[in-house]
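Enquirer: this one's sequence-less:
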């Protein structure tokens, strides 16, 4: 019996992902960096309550840990020559690898007129800015290749 084609294997769910362990490790590092950034956000909101004396030390110790995990994820991707999703790249600061959580580690604002709107994300720690198109008109809005319906990665 002849072997099936690659398209048939993917349709049957038999396709394998090369370097699966590395992608799983990157996924863990990304999730843990986001988790510790969210804990920082929660401790910052708890800091406003009068009964929290330990939250300032928790806030100062968790954000560097979050940054460390994000840097490790980038290092794994760089060493093994793997591509990160554009959505993940947008949630990390390009220069200091801080997870960009609005209100905690970054500020987001929309500037421009109706057809030339830009979403400007400014990191609170290094001050770097990232500008992305933010058109609300579906006819002129740009869609990433990975988000197009005809593009499918692994099923």
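Expert: Great, that's in hand. Just so it is clear, the model here is predicted, and its values are computed rather than measured.

Enquirer: so where's the protein uncertain?
Expert: 1-15, 41-60, 135-141, 152-155 (pLDDT under 70).

Enquirer: going on from the lengthiest helix in it, what's the next piece of helix or strand?
Expert: Longest helix of the chain, by residue count under DSSP state H: helix 20-47. Going down the chain from helix 20-47, the next helix or strand is helix 55-79, by DSSP states H and E.

Enquirer: From the contact counts, what lies against that following helix?
Expert: For helix 55-79, the elements it packs on are helix 20-47, judged by 3 or more Cβ pairs under 8 Å, 6 or more residues apart in numbering; DSSP states H and E. (Each C-beta comes from the backbone N, C-alpha and C, glycine too.)

Enquirer: one step back: packing partners for the longest helix of the chain?
Expert: Packed next to helix 20-47, using 3+ Cβ pairs under 8 Å, 6+ apart, are helix 55-79.

Enquirer: Buried residues of the helix it packs on, list them for me.
Expert: 55, 58-59, 62-63, 65-67, 69-74, 76-77 (16 or more other Cβ atoms under 10 Å).

Enquirer: For residue 39, give its distance to residue 87.
Expert: Here residue 39 is placed at a distance of 22 Å from residue 87 (Cβ to Cβ, to the nearest Å).

Enquirer: and what of residue 126?
Expert: 21 Å.

Enquirer: higher neighbour count, those two?
Expert: residue 126 (13 against 10; other Cβ atoms under 10 Å).

Enquirer: Excluding covalently adjacent residues, which one is nearest to that one?
Expert: Closest residue to residue 126 apart from its sequence neighbours, by Cβ to Cβ, 6 or more residues apart in numbering: residue 96 at 4.3 Å.

Enquirer: and if you look at residue 142?
Expert: Nearest to residue 142 is residue 133, by Cβ to Cβ, 6+ apart, at 5.6 Å.

Enquirer: Count the neighbours of that neighbour for me.
Expert: 12.

Enquirer: contacting residues around it?
Expert: 117-119, 141-142 (Cβ atoms under 8 Å, 6 or more residues apart in numbering).

Enquirer: Roughly how far does it sit from residue 114?
Expert: From residue 133 across to residue 114, the span is 13 Å (Cβ to Cβ).
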